[in-house]
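Trainee: coordinates only, sequence not included:
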Ligand SMILES: O=C(O)CCC(=O)C(=O)O
Ligand SMILES: [Fe+2]
């Protein structure tokens, strides 16, 4: 495996737990009816969780058609459907806490969990909105927890414009809401700088992907 993460060597063996939400969540209103909420360091023991997920999740490398050829998707993936058991109990706690905080505003619960494993700077996700499903036509929310080494998540208005950057890792939470999936795009760019691995956990409502 590329990019070994040295949490255990660093003695990072803390309990893993979700923190408070409430007033610790900071909302930024974006153009076109989009917003983002950021809650740095929401999970404590996040590097321990990184190690557990890296080991326990049945990661899959995927290949996809890109224009006229089949290419490797540059990250490892595992998607948990709404009835599938999550790979760590703290992810159940996280989803429950997110639902307690957001369900009234969202009008429905977060249900599925998509996991991405960025092994090093060669792994990435290109500019996109989560528009497979209802995100292409309706306001919704996607909540992302990041563990391991921070990587920049960039956001820009669809069609171009100045991009916003959030370096997300070590238990940070970001929630993209309102029209964000259809009026904005997000990406985790590749980097040639030496970069440790990061795992992101995306919670989404039913029918959003
Ligand atoms: O890793 C991230 O934070 C973003 C992942 C993402 O955008 C996606 O899987 O749709
Ligand atoms: Fe996405």
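Mentor: Yes, it's here. Just so you know, these numbers come straight off a predicted model, no measurement behind them. Residues are numbered from 1 along each chain as shown. Ligands and ions are numbered 1, 2, ... in the order given.
Trainee: residues near the closest residue to residue 62 other than its chain neighbours, how many?
Mentor: Excluding its sequence neighbours, the residue lying closest to residue 62 (Cβ to Cβ, 6 or more residues apart in numbering) is residue 73, at 4.3 Å. C-beta: built from backbone N, CA, C; applies to glycine. When neighbours are defined as other Cβ atoms under 10 Å, residue 73 has 16 of them.
Trainee: give me the mean pLDDT for the host helix or strand of residue 73.
Mentor: Using DSSP states H and E, residue 73 sits in strand 69-80. The average pLDDT for strand 69-80 rounds to 96.
Trainee: direction included, what does it pair up with?
Mentor: Strand 69-80 has its sheet partners listed here by DSSP bridges as strand 60-66 (antiparallel), strand 112-118 (antiparallel).
Trainee: contact partners of the first one?
Mentor: What that stands for is strand 60-66. 70-73, 76-78 (Cβ atoms under 8 Å, 6 or more residues apart in numbering).
Trainee: identify the farthest-apart pair in these.
Mentor: 70 and 78 (20.4 Å; Cβ to Cβ).
Trainee: settle it for me: which of these two has more neighbours?
Mentor: Neighbours around residue 70 and residue 78, counted as other Cβ under 10 Å, are more numerous at residue 78. The numbers are 18 against 8.
Trainee: what about the nearest residue to residue 17 once chain neighbours are set aside, how many neighbours?
Mentor: Take residue 17 and drop its neighbours on the chain: the residue closest to it by Cβ to Cβ, 6+ apart is residue 44, 5.3 Å away. Other residues near residue 44 come to 17 when the count uses other Cβ under 10 Å.
Trainee: relative to residue 69, how far out is residue 44?
Mentor: 44 Å (Cβ to Cβ, to the nearest Å).
Trainee: residue 103: which element?
Mentor: Element membership for residue 103 (DSSP H and E) is helix 89-106.
Trainee: show me the contacts for the residue of the chain found nearest ligand 1.
Mentor: At 3.2 Å from ligand 1, residue 200 is the closest residue in the chain, using Cβ to the nearest ligand atom. Each residue near residue 200 by Cβ under 8 Å, 6+ apart is listed here: 115-116, 118, 144-147, 168, 188.
Trainee: give me the pLDDT for it.
Mentor: For residue 200, pLDDT reads 98.
Trainee: same question, residue 14
Mentor: At residue 14, pLDDT is 77.
Trainee: count of residues packed around the closest residue to it other than its chain neighbours?
Mentor: Spatial nearest neighbour of residue 14, chain neighbours left out: residue 45 (3.8 Å); criterion: Cβ to Cβ, 6+ apart. Residues lying near residue 45 (other Cβ under 10 Å) number 19.
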